[in-house]
Every structure is written in C-alpha cells, then in structure tokens.
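# Sequence and predicted structure below; questions after.
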Amino acid sequence: MNHTIKDATVKVLLFETLNHLSARAFTFVAAYNFAKDLEALRWRMPFQMNCDT
C-alpha cells in the first residue's frame, strides 16, 4: 500500500507543504478504499470487506 500511495502522490506531483501532501494522500486513500476492487479481498473493495466483518 505504501508503494501505491507513493506512486499516486510524491512521484506525480510536487507539494509546497506537508499539509498539501497529507491532504492529497488522505484523498487518495479515501478514493482507493471506496473504488478499487482488490484481488486479495476476493474482488471486493476494502470498504465492503470492513462492512462484511
């Protein structure tokens, strides 16, 4: 997951402050948890997995 976040934030954009980076990372993780079906979770989203358990 760290590699995925790094590829979507630090490697793509330059940030003026740590707050900008934190906001971008939070937004990415929120979108990832609600939109990405993962093979390791039997093609469910992380949010769905949490609801099921």
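Nice, I can see it. Numbers count the residues shown, from 1 in each chain.
# quick one, helices of the chain?
Secondary structure of the chain, counting by DSSP state H: helices at 2-8, 18-35, 46-52.
# ok, now which ones touch Phe47?
Asn33, Phe34 (Cβ atoms under 8 Å, 6 or more residues apart in numbering). (C-beta placed from N, C-alpha, C; glycine too.)
# about what we covered before: what's the least confident stretch among the helices of the chain?
Lowest mean pLDDT within the helices of the chain: helix 2-8, a mean of 81.
# State the distance from the spatially most central residue of the chain to Pro46.
Centroid-nearest residue in the chain, with Cα atoms, centre = their mean: Val29, separated by 2.6 Å. Applying Cβ to Cβ, to the nearest Å, the value for Val29 to Pro46 is 9 Å.
# What of Ser22?
20 Å.
# more neighbours, the two?
Pro46 (18 against 12; other Cβ atoms under 10 Å).
# Could you pull up the residues touching that one?
Tyr32, Asn33, Lys36, Leu38.
# let's go with 7 Å and repeat that
Applying Cβ atoms under 7 Å, 6 or more residues apart in numbering, one finds that Pro46 lies in contact with Asn33, Leu38.
# Distance-wise, check it relative to Ala30.
11 Å.
# cool, and Ser22?
Taking Cβ to Cβ, one finds Ser22 at 12 Å from Ala30.
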